[in-house]
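Chemist: Show me how the following folds:
(chains A and B)
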Amino acid sequence: MEALTRIANASVRVAAEAGSYTAAEAKANAAAQMAGLAYGLAAIGPGIGIGMIFGKAIESMARQPESAGMVRTTMFLGVAFTEALALIGFVAFILLKFA
Amino acid sequence: MLSTTLVAELSQRLMPQAGEGRGFSFPPINTILRWQDLIPGINKVVMISIASALIGIVIFGLAATKDARKAPKGVRNLAEIAVEFVERNIIMETMGRSGMGWTPFLLTMFIFIYLNNLPGIIPFLQMPATARMGLPAFLALMVWVVYNATGIKHQGFFGYFKNVLFPPGVPKALYILVTPIELISTLVVRPFSLAVRLFANMLAGHLLLVIFALLSAALIQAETMRFALIPIGVLPFALLIFLTAFEILVAFLQAYIFTVLTAVYIGGATHPEH
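Modeler: This is a model prediction of the structure:
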C-alpha cells in the first residue's frame, strides 16, 4: 500500500511539473512514453507470422524429411521478410526514445 | 510487511524520479554506442571492422598456401567448412549450380559480416560493428548495385526492367497495382530492409545485453537491502548468460540471412521466371 502511494505520488508530481515544460520537452516526453507502445504494437503481427512460418516448416519437414534443406532455406527467407517489420518497429522505438 | 517495503525499495531503485536520485538508470544511447576516436578517424567500431576484414584475409590466405592434396587440418579445415557451407547451403539452395561463380563474393560477404557480428559477445570488445548503421547500409548499397548490374548485364537494360516491372503470368489489368509495388520493392525496399534487418538485429541484441548487465550490476552492488537484492540480482545475470549464448546464434543467423537474400536477389536478376 505504501509503495503504491509512493508511485502514485511520484506520477502526480511528474504530472504537476508538466505545466513547466516547453513544447519541445513535452513532445519528447510523449514520444519517449509512446515508444514502448509503438514497439509492442509492431511486434504483434510479426510474432504471429513467424510462429506460423516455423509451424508450417516443421510440419512439412516431418512429412517429407528429404526436402528439409530446401524448406529450411525458404523458412529463413520467410522469417527474414516477416521479421523486418518488427525490426522497423524497433528502429522506430529507438528513434522515438533517443532521437 | 516485508514484501511492501521490498516493493517500495525496488520502485525507488528502478525509478530515480520517485526516490532521491540514487538507483538504477539507463545511460543515454550515445554512451553505449558512440566511441571516442582512438586515432583521429578510427574508433572502436572502425577498428573492429578493419580487424575482421584482416582476420578473414589472413585465415583464407593461410588456408590457400596449404597443400590441397593432403587431408585438411587446422586453418584449411576451417576455410573448407566455410566454403562448403556457402556452396551447399546458400548457393545450391537458391541459385543452383549455375550460381557457383558467385562463391567468392558471397563467401567474402558471409565471413565479413559474421566476423563483424561476433565482437558483440567477445568480452572486452562487446560491440558488434554492424550495430552502427554505416556498415550495413554500405553493404546493402553494394548488393543493390551488384544485383541490378547483374540483371542489366544478363537481360539488357530494357529486358531487366520489363521483367521487374511487368512480371509474366499476371493478368493485364493487375499491372496497375503490381508495377508500382514491384518498382518500389525492387529499388527501395530491398536494400532498405536488408540494411535495417542486420543493423536492428545487432543493435537489439547489444541493447539487451547492456540492459541485463546493468541490471545485474545494480542489484548485486546494492547498498541497502542486500539480503534481498543480491539473490534477485542472480536472475538477470542468468538471463545475461543465456542471451550471450543466444547472440552467438543471432550473429551467425544474420550473416546467413544477409548472404542468402543477396543470393536470391542475384539469382532472380540472372534468371527471371518465365
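Chemist: Which other helices and strands does the strand or helix carrying residue B:236 contact?
Modeler: Using DSSP states H and E, the element containing residue B:236 is helix B:226-270. Applying 3 or more C-beta pairs under 8 Å, 6 or more residues apart in numbering or on different chains; DSSP states H and E, one finds that helix B:226-270 contacts helix A:68-98, helix B:2-14, helix B:92-94, helix B:103-117, helix B:134-155, helix B:190-220. The C-beta positions use only the backbone N, C-alpha and C, and glycine is treated the same way.
Chemist: how about a cut-off of 10 Å?
Modeler: Packed against helix B:226-270 by the contact rule (3 or more C-beta pairs under 10 Å, 6 or more residues apart in numbering or on different chains; DSSP states H and E) you find helix A:68-98, helix B:2-14, helix B:92-94, helix B:103-117, helix B:134-155, helix B:157-165, helix B:190-220.
Chemist: and residue B:206, how far is that from chain A?
Modeler: 11 Å (C-beta to the nearest C-beta, to the nearest Å).
Chemist: how big is the angle separating the helix holding residue B:236 from helix B:103-117?
Modeler: 160 degrees (axes from the mean of the first three to the mean of the last three C-alpha atoms, to 10 degrees).
Chemist: quick check: mean pLDDT across helix B:226-270?
Modeler: Mean per-residue pLDDT for helix B:226-270: 92.
Chemist: ok now it, how far from the chain's centre?
Modeler: Counting by C-alpha atoms, centre = their mean, to the nearest Å, helix B:226-270 is centred 9 Å from the centre of its parent chain.
Chemist: got the angle for it vs helix B:190-220?
Modeler: 170 degrees.
Chemist: relative to helix A:68-98, how tilted is helix B:226-270?
Modeler: Using the same axes, to 10 degrees: helix B:226-270 against helix A:68-98 is 120 degrees.
Chemist: what angle do helix B:226-270 and helix B:157-165 make?
Modeler: 130 degrees.
Chemist: if I pick residue 61, what's in contact with it?
Modeler: Using chain A. Shown in contact with residue A:61 (C-beta atoms under 10 Å, 6 or more residues apart in numbering or on different chains): A:67, A:68, A:69, A:70, A:71, A:72, A:75.
Chemist: hm, I was asking about chain B
Modeler: If you count contacts by C-beta under 10 Å, 6+ apart, then residue B:61 has B:75, B:79 around it.
Chemist: looking at chain A, which helix or strand is least sure?
Modeler: helix A:2-17 (a mean of 65; mean pLDDT, DSSP states H and E).
Chemist: and after that helix, which helix or strand comes next?
Modeler: helix A:23-63.
Chemist: Could you identify which of the helices and strands packed on helix B:226-270 has the lowest mean pLDDT?
Modeler: Looking at these, the weakest mean confidence is helix B:2-14, a mean of 55.
Chemist: quick one: residue B:220 and residue B:233 touch, right?
Modeler: Yes - at 4.0 Å, residue B:220 counts as touching residue B:233 under the criterion of C-beta atoms under 10 Å.
Chemist: still on that earlier bit, let's have the helices and strands packed on helix B:226-270 in a markdown table, adding mean neighbour count and distance to residue B:249.
Modeler: Below are the helices and strands packed on helix B:226-270 laid out as a markdown table (neighbours: other C-beta atoms under 10 Å in any protein chain shown; distance: least, C-beta to C-beta, whole Å):
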| stretch | mean neighbour count | distance to residue B:249 |
| --- | --- | --- |
| helix A:68-98 | 18 | 12 |
| helix B:2-14 | 15 | 30 |
| helix B:92-94 | 20 | 20 |
| helix B:103-117 | 21 | 11 |
| helix B:134-155 | 18 | 19 |
| helix B:157-165 | 15 | 34 |
| helix B:190-220 | 21 | 10 |
